[in-house]
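Colleague: can't give you the sequence, but here's the structure:
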């Protein structure tokens with residue numbers, strides 16, 4: 001089975017190639033630079049453009065394994081330990097060290113090196129230069145390479161904190177590679193500066209001359225809109241508590257004693273982040289972007305279809321940074337219950353704590369709702385669940401039904417013959433009995449980005465691009481930063497409520513305190529962006545990893561997978577310990593450098609706690 005193969009993967013594949021399904025014969029075709037010498041590569045247009053396409057191949061695929069599983073399955077979102085315990089044990093058991101860490105750092109630095117080689121040599125290609133529009137094409141290629149070099153540094157920074165910045169020129173045998181980490185602020189200034197330079201030679205987007213129609217073959221190419229969106233993420237991180245005046249890292253210094261993280265809190269960083277997010281929103285909306293919405297006479301149905309279908313129908317409308325190819329089969333095959341045609345792997349288990357965070361249909365939490373009940377069962381079927389479903393799953397917000405599969409829910413994907421519902425109780429069609437590994441430990445599986453026509457066998461996959469960044473994320477970036485920079489500003493509620501409105505929730509009222517809005521923003525990110533690789537980073541930059549509701553360790557719960565013989569079995573619908581992970585330790589904020597790199601670079605200081 002496919003999931004058995006994951007044991008043989010290293011997490012270095014998190015940034016696996018995106019070149020398999022190229023838009024055309026040149027774009028995104030990788031050309032390994034060790035197969036041809038530099039003179040040959042940059043004297044031939046096809047080879048040069050193949051090398052340029054290969055620069056994109058380090059961009060991660062958020063829905064492929066192990067990338068997608070990694071960023072969710074070591075957080076309070078998902079468990080997949082039935083299959084991937086060996087891969088994730090170091091993280092979830094607390095045994096993570098410089099000797100067992102899996103990091104894409106080598107692949108990323110290789111991409112950084114390739115970008116430098118491209119920038120130094122592409123101007124030599126007279127065949128490309130003399131082609132129609134050749135000079136402009138070279139300018140854009142170079143700008144994209146400059147952005148990608150900065151972006152790969154940013155991916156490293158998110159994982160490892162401050163990193164060594166290599167010389168802009170490609171290293172030679174004479175280059176001194178005993179390079180210390182630059183400070184966090186120095187790294188941020190470098191990547192932001194490189195991205196700003198790249199913008200000057202790139203269009204806002206790639207349109208068919210004079211129209212608002214995107215050139216399909218250029219989807220995925222870097223433009224100003226993408227760069228502004230990535231810069232929104234960078235500035236948001238830099239303003240956040242972990243990176244902004246974090247006294248816990250006062251002792252983290254280079255060999256020469258220079259501080260790696262500033263100890264001085266800078267409130268202006270929130271203003272910078274708010275301004276950058278607004279700039280990203282403005283350029284996106286001016287180029288036709290907006291929240292994807294489906295029209296329907298029933299508002300609840302409209303919201304459900306909007307938040308469900310955005311991943312395959314809404315990318316043109318809402319997607320800011322689009323990755324043209326994605327291996328969604330890995331996600332869908334592991335998330336879909338066994339009730340789907342072909343018997344998928346049924347094991348991306350959602351924690352009860354996530355389920356509880358989804359609101360009721362009126363926007364209240366389950367704790368605020370008098371009628372919330374876990375001991376009674378629905379008497380009628382709906383479009384989302386069948387009669388006999390536990391009432392803890394009824395009357396929930398539309399995103400709950402689009403993002404989570406639960407006992408009694410309608411089957412996501414193409415159902416097996418005669419099956420109309422998902423049964424997670426022990427003897428059910430997707431339960432534990434008779435399935436040594438293919439069952440979710442919590443009694444829930446992820447449903448987000450699982451197409452309703454998906455079939456495991458015969459394999460039916462709806463091909464679609466993936467949104468690396470979408471507009472709803474930018475709205476939440478802006479609301480968060482503005483709430484810290486300028487509490488009470490009307491844009492905070494405006495943009496937060498835009499996301500809530502699309503999700504079918506009532507608007508939050510004015511007059512909420514800064515603290516209350518902060519919690520609402522954090523919860524909105526938890527729900528809107530779940531399973532998209534955001535939670536791992538959000539809880540760390542907020543320094544909330546040991547706060548209830550944000551815990552990144554300890555006991556996580558679910559339903560009792562060992563019990564139940566009918567859909568309405570009370571024995572199944574009992575909150576039960578599903579997973580116990582190590583308690584949090586502050587060293588988990590930042591991944592360590594692998595020991596082999598410390599052995600090579602004597603100027604490289606290890607991350608705290610390792």
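Modeller: Good, I have the coordinates. Computed from a predicted structure; not experimentally measured. Residues are numbered from 1 along each chain as shown.

Colleague: hey, let's count contacts and neighbours off CA atoms from now on
Modeller: Fine.

Colleague: What sits closest to residue 241 if chain neighbours are left out?
Modeller: residue 542 (5.6 Å; C-alpha to C-alpha, 6 or more residues apart in numbering).

Colleague: just checking, the one you found touches residue 243?
Modeller: No: contact criterion C-alpha atoms under 8 Å: residue 542 and residue 243 do not qualify, at 9.1 Å.

Colleague: neighbour-wise, which of the two wins?
Modeller: More crowded of residue 542 and residue 243, by other C-alpha atoms under 10 Å: residue 243, with 23 against 16.

Colleague: Show the contacting residues for the more buried one.
Modeller: 184, 237, 261, 262, 541 (C-alpha atoms under 8 Å, 6 or more residues apart in numbering).

Colleague: Compile these into TSV and extend it with columns for neighbour count and secondary structure.
Modeller: Listed next are those as TSV, based on neighbours: other C-alpha atoms under 10 Å; DSSP: H, G, I helix; E, B strand; the rest coil:
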residue	neighbour count	secondary structure
184	20	helix
237	25	helix
261	25	coil
262	17	coil
541	21	helix
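
Colleague: and the two most separated of those?
Modeller: 262 and 541 (14.6 Å; C-alpha to C-alpha).

Colleague: what's stretch 494-514 in contact with?
Modeller: 291, 293, 299-300, 302-304, 306-307, 361-363, 397-399, 472, 475-476, 478-479, 483-484, 487-488, 493, 521.

Colleague: from those residues, which would you call buried?
Modeller: 291, 293, 300, 302-304, 306-307, 361, 363, 397-399, 472, 475-476, 478-479, 483-484, 487-488, 493, 521 (16 or more other C-alpha atoms under 10 Å).

Colleague: separation between residue 49 and residue 56?
Modeller: 12 Å (C-alpha to C-alpha, to the nearest Å).

Colleague: Ignore what I typed, I meant residue 164.
Modeller: On the measure of C-alpha to C-alpha, residue 164 and residue 56 end up 21 Å apart.

Colleague: So which of the two has more stuff around it?
Modeller: Taking other C-alpha under 10 Å, residue 164 and residue 56 do not tie; residue 56 has more neighbours (27 against 18).

Colleague: show me the contacts for residue 459.
Modeller: Contacts of residue 459 (C-alpha under 8 Å, 6+ apart): residue 342.

Colleague: Quick check: it vs residue 453, distance?
Modeller: 10 Å.

Colleague: Ok, residue 328 next?
Modeller: From residue 328 to residue 453 the distance is 13 Å (C-alpha to C-alpha).

Colleague: Compare the two and say which is more crowded by neighbours.
Modeller: Taking other C-alpha under 10 Å, residue 328 and residue 453 do not tie; residue 328 has more neighbours (23 against 14).

Colleague: If we ignore the residues flanking it in sequence, what's nearest that one?
Modeller: Going by C-alpha to C-alpha, 6+ apart, residue 328 has residue 63 as its nearest residue, at 5.5 Å.

Colleague: Quick check: that neighbour touching residue 326?
Modeller: Yes: using C-alpha under 8 Å, residue 63 makes contact with residue 326 at a distance of 6.9 Å.

Colleague: mind listing what residue 443 touches?
Modeller: Per C-alpha under 8 Å, 6+ apart, neighbours of residue 443: 349, 350, 406, 407, 424, 425, 558, 559, 560, 561.

Colleague: which among those gets closest to residue 213?
Modeller: Here the nearest of these to residue 213, counting by C-alpha to C-alpha, is residue 350; it sits at 38.7 Å.

Colleague: could you measure the residue nearest to the closest one when sequence neighbours are not counted against residue 410, distance?
Modeller: Spatial nearest neighbour of residue 350, chain neighbours left out: residue 78 (4.7 Å); criterion: C-alpha to C-alpha, 6+ apart. Using C-alpha to C-alpha, we find residue 78 at a distance of 21 Å from residue 410.

Colleague: more crowded one of the two?
Modeller: Higher neighbour count among residue 78 and residue 410: residue 78, with 28 against 22, using other C-alpha under 10 Å.

Colleague: The more buried one reaches residue 353, doesn't it?
Modeller: No: look at residue 78 against residue 353 with C-alpha under 8 Å: they stay out of range, at 10.1 Å.

Colleague: tell me the mean pLDDT for the longest helix along the chain?
Modeller: Looking across the chain with DSSP state H, the single longest helix is helix 134-160. Mean per-residue pLDDT for helix 134-160: 97.

Colleague: just checking, what packs against that helix?
Modeller: Packed against helix 134-160 by the contact rule (3 or more C-alpha pairs under 8 Å, 6 or more residues apart in numbering; DSSP states H and E) you find helix 105-121, helix 126-130, helix 184-199.

Colleague: mind redoing it with 6 Å?
Modeller: Under the contact definition 3 or more C-alpha pairs under 6 Å, 6 or more residues apart in numbering; DSSP states H and E, helix 134-160 sits against helix 105-121, helix 184-199.
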